[in-house]
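Enquirer: have a look at this prediction, sequence included:
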Amino acid sequence: MKKIYLALILLLIPTPNAQAAFILSSAIVDFNKNSKQQDIELISQGQESDYIITQVYEVQNPGLANEKHVEIKNPEDAGILVTPDKTILPPGGRKNMRFVLLRDADDSEHIYRVIIKPVINDVSSNSKMALKVLIGYEALVIVRPLNPAPNLTGNRTGNKITFKNSGNTNVILQSGEQCVDPVEKKDCKPLPLTRIYPGQETSMELPFSTTATYFIWDGEKLEKKEF
């Protein structure tokens, strides 16, 4: 999932509304057993160059209360390389950022977070005070196990439903919907997007007593399910 970071920095700069302005072509990089390299694109939407750096973290216990992000200093230790780790994105320009796996998939799923953010390159001294807004992103990197075996179940008690992932790879529940009249598709409400990591479960209250539907993505296929 994509997270956006805002940093408000008080600076002595001549332009009062300077703002980093770039977007990512994708904020999720999903490796299966047949892929070792993937790219995303940095796309400038600004009129100034963006000086961009990356920070890579391995996520321990993803989705749990004790989730921990450990910064990767040596790519070989974690088995993933993100390049370039520093770049200049010219105004209106595009640049590829490459994600490379340095070792083969194993029996476990591995999760990483990559912060992609602009930094202040140079600040000229000036008596004029201004506020500069820096906008960065956090990309999710998923390395699926060698033999992925998703196993999602959903158990309902009235309007409460509990999803449990007993498999070895995460699944995402997306485009969820529940309608008062499922046949005629009347009075429908969207259901929350939910990612469930291996061995975890989550519960939610449904708005109606009728059947709920989700599209389930497990890294290889998209399947519609009713609960």
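Expert: All right, it came through fine.

Enquirer: please parse the chain into its domains.
Expert: 3-143, 152-226 (automatic domain parsing).

Enquirer: can you add mean neighbour count and give the ones you listed back as JSON lines?
Expert: Yep, even glycine has a C-beta here, placed from its N, CA and C like the rest. As requested, those are exported to JSON lines (neighbours: other C-beta atoms under 10 Å):
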{"stretch": "domain 3-143", "mean neighbour count": "15"}
{"stretch": "domain 152-226", "mean neighbour count": "15"}
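
Enquirer: let me have those in TSV, extended by mean pLDDT.
Expert: Shown next, in TSV, are those (pLDDT from 0 to 100):
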stretch	mean pLDDT
domain 3-143	83
domain 152-226	96
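
Enquirer: partner residues bridging I40?
Expert: Taking DSSP bridges as the rule, I40 bridges to M97.

Enquirer: go ahead and confirm it touches L24.
Expert: Yes: counting by C-beta atoms under 8 Å, I40 touches L24, with 5.6 Å between them.

Enquirer: give me the common contacts of these two.
Expert: In terms of C-beta atoms under 8 Å, 6 or more residues apart in numbering, I40 and L24 are both contacted by the residues A139.

Enquirer: how about Q37: what's its closest non-neighbour residue?
Expert: Spatially, and ignoring its direct neighbours in sequence, Q37 is nearest to V100 (5.1 Å; C-beta to C-beta, 6 or more residues apart in numbering).

Enquirer: do a quick rundown of the helices in the chain.
Expert: All helices of the chain, identified by DSSP state H, fall at 75-78.

Enquirer: ok, now how distant is G176 from S203?
Expert: Look at G176 and S203: by C-beta to C-beta, to the nearest Å, they are 14 Å apart.

Enquirer: ok, D50 - contacts?
Expert: 20-22, 44, 88-89, 118.

Enquirer: among these, which pair sits farthest apart?
Expert: Farthest-apart pair in the contacts of D50 is A21 and I88; separation 14.2 Å (C-beta to C-beta).

Enquirer: around P148, how many other residues sit close by?
Expert: P148 is flanked by 18 other residues according to other C-beta atoms under 10 Å.

Enquirer: in contact with the closest residue to it other than its chain neighbours, which residues?
Expert: Spatially, and ignoring its direct neighbours in sequence, P148 is nearest to T169 (4.2 Å; C-beta to C-beta, 6+ apart). For T169, the contacting residues are 109, 144-145, 148-150, 198, 218-219, by C-beta under 8 Å, 6+ apart.

Enquirer: now those residues in a markdown table, with distance to P192?
Expert: Formatted as a markdown table, the contacts of T169 follow (distance: C-beta to C-beta, whole Å):
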| residue | distance to P192 |
| --- | --- |
| E109 | 22 |
| R144 | 24 |
| P145 | 26 |
| P148 | 24 |
| A149 | 25 |
| P150 | 19 |
| P198 | 20 |
| D218 | 18 |
| G219 | 20 |
